[in-house]
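> give me the fold of what follows.
(2 chains)
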Amino acid sequence: GESVGLHLPTLSVQEGDNSIINCAYSNSASDYFIWYKQESGKGPQFIIDIRSNMDKRQGQRVTVLLNKTVKHLSLQIAATQPGDSAVYFCAENKGTDKLIFGTGTRLQVFP
Amino acid sequence: DAGVTQSPTHLIKTRGQQVTLRCSPKSGHDTVSWYQQALGQGPQFIFQYYEEEERQRGNFPDRFSGHQFPNYSSELNVNALLLGDSALYLCASALTGMNEQFFGPGTRLTVL
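Got it, this is the predicted structure:
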């Protein structure tokens, strides 16, 4: 079946440290992967995406890595800030605009 | 430029009732998708509307239906509500051909 799962339900990091959130997917036909951030009481917010023909993409303080060999996706956040505290979801898109989400990882940033 | 808006923000219903949720897409977007997000879970795809027609559907029963209007806004209807329908209902809009979907704040539905 289709699934996008996450390894860790909760990640706690100290302010200023780097954060790494991991995600495993099972559908090798997916051609597009996205990371979303969801704060309490809000809808998911787009962070960064990557196509299946890439293995790395960088944004502002964020980097997404894609390893198709082991079907693994990761989100790296540099210099984590209190405002980064949220639930992070990876999602995959097989080109039909139907997003398949994982359960999510809660990122907690402490001073 | 207003983003995706949804109404109402919160709703309480009882089992067996019917509910209608509304969504206005981001300006310029023509595709609307609906997702159900249970507490502590990731959003689950319900269906997607484009050109006033349901283009694709997730694994949800026929109690879940929708509509898209000529101005691209959309409604989600759920009949014969069950306790398990309690969730955050999210609307996402996109421009056809573009991958990025923009989500609204959601409607929190509680079924008692």
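
> which one is the residue nearest the centre of chain B nearest to, not counting chain neighbours?
Most central residue of chain B, judged by C-alpha distance to the mean C-alpha position with Cα atoms, centre = their mean, is B:Trp34 at 3.3 Å. With Cβ to Cβ, 6 or more residues apart in numbering or on different chains as the measure, B:Ile46 is the residue that lies nearest to B:Trp34, at 4.3 Å, once sequence neighbours are left out. (Each C-beta comes from the backbone N, C-alpha and C, glycine too.)

> could you say what helices and strands the helix or strand containing that neighbour packs with?
B:Ile46 is part of strand B:44-50 when elements are defined by DSSP states H and E. Contact partners of strand B:44-50 among helices and strands, from 3 or more Cβ pairs under 8 Å, 6 or more residues apart in numbering or on different chains; DSSP states H and E: strand A:99-101, strand B:31-37, strand B:53-57, strand B:64-68.

> chain center to it, what's the gap?
7 Å (Cα atoms, centre = their mean, to the nearest Å).

> which residues touch it?
By Cβ atoms under 8 Å, 6 or more residues apart in numbering or on different chains, the residues outside strand B:44-50 that reach it are A:97-101, B:30-38, B:54-58, B:60, B:64, B:66-68, B:74, B:76, B:96.

> one more time with 7 Å
Where contact means Cβ atoms under 7 Å, 6 or more residues apart in numbering or on different chains, the residues beyond strand B:44-50 that reach it are A:97-99, B:30-36, B:54-58, B:60, B:64, B:66, B:68, B:74, B:96.

> now the helices and strands packed on strand B:44-50 as TSV including distance to A:Ile47 and mean pLDDT?
Conversion of the helices and strands packed on strand B:44-50 to TSV gives the following (distance: least, Cβ to Cβ, whole Å; pLDDT from 0 to 100):
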stretch	distance to A:Ile47	mean pLDDT
strand A:99-101	13	91
strand B:31-37	17	96
strand B:53-57	25	93
strand B:64-68	28	97
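
> A:Ser19: which of those strands is closest?
Comparison of these against A:Ser19 by Cβ to Cβ identifies strand A:99-101 as nearest, at 19.4 Å.

> just to revisit the earlier point, I'd like the helices and strands packed on strand B:44-50 as JSON lines, with distance to A:Cys23 appended.
What follows is these, written out as JSON lines (distance: least, Cβ to Cβ, whole Å):
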{"stretch": "strand A:99-101", "distance to A:Cys23": "10"}
{"stretch": "strand B:31-37", "distance to A:Cys23": "17"}
{"stretch": "strand B:53-57", "distance to A:Cys23": "23"}
{"stretch": "strand B:64-68", "distance to A:Cys23": "27"}
